[in-house]
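J.: this one's sequence-less:
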């Protein structure tokens, strides 16, 4: 009797096709999952936020007497200081100074802590101090101005007399970048200037101002920046730190010593 095997062959072919399709499907599933897990956008790594490094090692000044020194280890360290605004400001725009994490910080102005470009200072000492060197370390983040005060006399900063030194950062286009001036009753008279040298921000620097008779010398990082002779020198007075009420500047290791 004649037999037909065609259905068997067809069944075998169908089975092979089904098995092939199933194998392809199983191979594609992990591929799809892996593809879905890939991020749509790839971002470059971000640089870490700059942090304030350790204070510089300051070279002790040759001195017979240390008149005062401050390392701002506690918030109470600010109690010995007198904070003043060196130009007229409204009562709600006075400069804020505070001690934070072992450093003296200028913290903008007013109860809202808004930046202000007016000059401010933190003073310490006695109006009988005459010949001395005032020194401080500073670290500027965004303020742009650092400075020192010597021989400050007066109850009202708008009528006081004093020597003021100020230096601005190199990224500012303003000139001069350094000014030593004599201030009387709000009128500043330049005694010496430096046009092209400022300071680099986000690193520590050491500033010092020496007043000796009628001679004034400024140093930064132990290098002489400028010198001046005042024909009619201011007699004596307090020492201090000066900046603008923009905030974001730190001070530490403050000393006043006799020459």
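T.: That came in fine, so what should we check first? Owing to the predicted nature of the structure, the values given are computational and were not obtained by experimental measurement. Numbers count the residues shown, from 1 in each chain.
J.: switch to C-alpha atoms for all contacts and neighbour counts from now on
T.: Fine.
J.: Backbone torsions only: list them for the residue nearest to residue 246 when sequence neighbours are not counted.
T.: Nearest non-adjacent residue to residue 246, counting by CA to CA, 6 or more residues apart in numbering: residue 115, 4.2 Å away. Dihedral pair for residue 115: phi -70, psi 140, per degrees, to the nearest 10.
J.: Neighbours of residue 115, how many?
T.: 18 (other CA atoms under 10 Å).
J.: for residue 159, same thing?
T.: Other residues near residue 159 come to 16 when the count uses other CA under 10 Å.
J.: tell me the contacts of it?
T.: Going by CA atoms under 8 Å, 6 or more residues apart in numbering, residue 159 touches 184-186.
J.: out of those residues, which are inside helices?
T.: Secondary structure from DSSP state H places none of the contacts of residue 159 in helices.
J.: okay, those in JSON lines with neighbour count, pLDDT and distance to residue 236 next?
T.: Output for the contacts of residue 159, formatted as JSON lines (neighbours: other CA atoms under 10 Å; pLDDT from 0 to 100; distance: CA to CA, whole Å):
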{"residue": "184", "neighbour count": "17", "pLDDT": "97", "distance to residue 236": "14"}
{"residue": "185", "neighbour count": "13", "pLDDT": "92", "distance to residue 236": "16"}
{"residue": "186", "neighbour count": "16", "pLDDT": "89", "distance to residue 236": "18"}
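J.: Out of those residues, which comes closest to residue 215?
T.: residue 184 (17.8 Å; CA to CA).
J.: isn't the closest one right up against residue 157?
T.: No - here residue 184 lies out of contact with residue 157, judged by CA atoms under 8 Å, at a distance of 9.7 Å.
J.: how much space is there between the closest residue to residue 147 other than its chain neighbours and residue 156?
T.: Once flanking residues are discounted, residue 147 sits nearest to residue 166: 4.1 Å by CA to CA, 6+ apart. Distance of residue 166 to residue 156, given as CA to CA, to the nearest Å: 21 Å.
J.: Which one's more surrounded, these two?
T.: residue 166 (20 against 12).
J.: In contact with the residue nearest to residue 246, which residues are there?
T.: Listed by CA under 8 Å, 6+ apart, the contact set of residue 115 reads 108-109, 245-247.
J.: now, which of the contacts of residue 159 lie within strands?
T.: residue 184 (DSSP state E).
J.: Any chance of the contacts of residue 159 in JSON lines with distance to residue 229 as columns?
T.: Putting the contacts of residue 159 into JSON lines (distance: CA to CA, whole Å) gives the following:
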{"residue": "184", "distance to residue 229": "17"}
{"residue": "185", "distance to residue 229": "20"}
{"residue": "186", "distance to residue 229": "21"}
